[in-house]
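Peer 1: Just the structure for this:
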Amino acid sequence: SPGDGVICGFGAIDGQTVAVCTYDPTVLRGAVGSAGAQKRCQLLERATRRRLPVITIADSNGARIAEGVHAIVSWGEVMEWTVRHREVAPHLTLVPGLCVGAAAYDAELADFTAMVAGASFMFLTGPAVTTTVTGEEVGIDALGGSTLHAHTTGSCHAIVENESDALDWARAILSYTHHPLLPCEDDPERATPKLRKVIPSAPRRAYDGRKVLRQLFDEGSLLELSPDYAGSLMTYFGRLGGRSVAIMASQTMVRGGCLDIESSRKGAEFLRYAQTHGLPVLTIVDTPGYLPGLAQEAGGVLREGARLIRAYTRLTVPTISVTLRKSYGGANVMATAADLRLALPLAEIAPMGADAAARVALGPDVEIVTHQVSSWRSSTTVSYTHLTLP
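Peer 2: Next up, the predicted model:
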């Protein structure tokens, strides 16, 4: 078959050499055999040795079944080289169509994956096999569509409108590591963020964390990853004074900014990428802690929380945290695991909030009354809490 259904080569993006591999869906529906896998392995080996980014365009039925064990062994080598490459250079996957079986695993091993809305599907076993084995009747979109992977599994980091947008998205991500420092042409008036207009003084009142980030970072420099997955923790690439940075920020509009299983996993993977590629990490914190409940505990929130802690403690890149209003409990790693820890004047960093601490220390029947008083010196509102014992 022509090229064994795999096209490999090198090119340039904004002056940066990149390695590119695409599966050709016009050749045996993009199914990859041992010869095509060897081509991809050679490309990955060279890219790893030269520390070149890799972009994969995955439109494939996966391993070529007719080749049996030979295809399986070859795909194992592909995945081994993919994992090795991720440790030295960015690895991106674009899914313009169907991505099944071994090809889906290969996409999952990438640093970041983009899917085309309504046209991309990614799963290990398709609807027909699923129905045959389990008896479940399931549609292709519910089984592996872009919405599922962007909202539920977290395997899709961006949903784009078409293939051209997917390529632009890949170029944008590579720009943060290829050009770590650019001239900053920001408006001087933006040098002093007006956070009081964005952040409510009431500690439990939600606000859009994206507005805070737009105040702090260079105009037009922000690129969000996985905006629909684990929404209480936002992950961004951006620039601060022209310098590329990795940003993690609380989003109080989703579960009050609580961390949970999914957000811990999302944050840990993002920190790994920042550490691998030398991006400074800025954490913007406003969280009441970890989401409590049986579902979280039984689902492994302790394990995933520890994974986030490990990711923070392994950072050797410069790290800064800024606590806006509060940081409580196990989520305090976001505020404390940094080289430089900053906080707004009324921010609280504690094992837990005042209400919960009072009830734990003094009993569940304690009466808690909170008054808010405006300061005569400024427009700042200060909260005073009074406790009345039963």
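Peer 1: contacts and neighbour counts: CA atoms only from here.
Peer 2: Will do.
Peer 1: For residue 35, see how far away residue 239 is.
Peer 2: Per Cα to Cα, to the nearest Å, residue 239 is found 42 Å from residue 35.
Peer 1: more neighbours, those two?
Peer 2: Remark: of residue 239 and residue 35, residue 239 carries more neighbours, 24 against 16, as counted by other Cα atoms under 10 Å.
Peer 1: quick one: contacts for that one?
Peer 2: By Cα atoms under 8 Å, 6 or more residues apart in numbering, the contact set of residue 239 is 217-218, 221-222, 245.
Peer 1: show me where the stretch 101-250 of the chain has strands.
Peer 2: With DSSP state E, counting those that start in this stretch as the criterion, the stretch 101-250 of the chain has strands at 112-116, 121-123, 158-160, 223-225, 233-240, 243-250.
Peer 1: could I get these as CSV with mean pLDDT and distance to residue 68?
Peer 2: Output for the strands of the stretch 101-250 of the chain, formatted as CSV (pLDDT from 0 to 100; distance: least, Cα to Cα, whole Å):
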stretch, mean pLDDT, distance to residue 68
strand 112-116, 98, 28
strand 121-123, 96, 20
strand 158-160, 98, 34
strand 223-225, 98, 37
strand 233-240, 97, 41
strand 243-250, 98, 43
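Peer 1: Ok, which of the ones you listed comes nearest residue 143?
Peer 2: Shortest distance between residue 143 and these, using Cα to Cα, is found for strand 121-123: 7.0 Å.
Peer 1: Now list the buried members of the contacts of residue 239.
Peer 2: 217-218, 221-222, 245 (16 or more other Cα atoms under 10 Å).
Peer 1: Of those residues, which is the nearest to residue 153?
Peer 2: For the buried ones among the contacts of residue 239, the nearest to residue 153 is residue 222 (23.5 Å; Cα to Cα).
Peer 1: isn't the closest one right next to residue 234, touching?
Peer 2: No. Using Cα atoms under 8 Å, residue 222 makes no contact with residue 234, being 11.5 Å away.
Peer 1: returning to what we had before: between the contacts of residue 239, which is nearest residue 54?
Peer 2: Of the contacts of residue 239, the one sitting nearest to residue 54 (Cα to Cα) turns out to be residue 245, at 20.9 Å.
Peer 1: Now for that closest one: which residues touch it?
Peer 2: 176, 237-239, 279-282.
Peer 1: what do you get if the cut-off is 6 Å, keeping everything else the same?
Peer 2: 237-239, 279-281 (Cα atoms under 6 Å, 6 or more residues apart in numbering).
Peer 1: Now tabulate those residues in TSV and tack on distance to residue 92.
Peer 2: Listed next are those as TSV, based on distance: Cα to Cα, whole Å:
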residue	distance to residue 92
237	15
238	18
239	21
279	17
280	20
281	21
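Peer 1: Which one of those residues is nearest to residue 287?
Peer 2: Comparing those against residue 287 with Cα to Cα places residue 281 closest, at 17.8 Å.
Peer 1: Measure how buried the closest one is and give me the count.
Peer 2: Residue 281 has 25 neighbouring residues, counting by other Cα under 10 Å.
Peer 1: Please name the bridge partners of it.
Peer 2: residue 246, residue 319 (DSSP bridges).
Peer 1: can you pull the pLDDT of it?
Peer 2: Looking at residue 281, its pLDDT reads 98.
Peer 1: does it really touch residue 321, like I thought?
Peer 2: No. Applying Cα atoms under 6 Å as the test, residue 281 and residue 321 come out as separate, 8.4 Å apart.
Peer 1: What segments of this protein are helices?
Peer 2: For the chain, the helices defined by DSSP state H cover 34-50, 69-86, 102-108, 127-134, 140-144, 146-148, 163-178, 209-216, 261-276, 294-299, 301-313, 333-336, 354-362.
Peer 1: mind putting these in TSV, mean pLDDT and distance to residue 13 included?
Peer 2: Shown next, in TSV, are those (pLDDT from 0 to 100; distance: least, Cα to Cα, whole Å):
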stretch	mean pLDDT	distance to residue 13
helix 34-50	97	15
helix 69-86	94	19
helix 102-108	94	21
helix 127-134	90	38
helix 140-144	95	30
helix 146-148	97	26
helix 163-178	97	7
helix 209-216	94	27
helix 261-276	98	20
helix 294-299	97	42
helix 301-313	97	30
helix 333-336	96	34
helix 354-362	66	52
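Peer 1: Would you reformat those as CSV and include distance to residue 11?
Peer 2: Below are the helices of the chain laid out as CSV (distance: least, Cα to Cα, whole Å):
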stretch, distance to residue 11
helix 34-50, 12
helix 69-86, 18
helix 102-108, 21
helix 127-134, 37
helix 140-144, 31
helix 146-148, 28
helix 163-178, 12
helix 209-216, 33
helix 261-276, 23
helix 294-299, 44
helix 301-313, 33
helix 333-336, 39
helix 354-362, 57
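Peer 1: Could you work out which of the ones you listed reaches nearest to residue 96?
Peer 2: Distance to residue 96, taken as Cα to Cα, is lowest for helix 163-178 among the helices of the chain, at 6.2 Å.
Peer 1: Look at the nearest residue to residue 285 once chain neighbours are set aside and report its pLDDT.
Peer 2: Spatially, and ignoring its direct neighbours in sequence, residue 285 is nearest to residue 323 (4.6 Å; Cα to Cα, 6 or more residues apart in numbering). The per-residue pLDDT reported for residue 323 equals 96.
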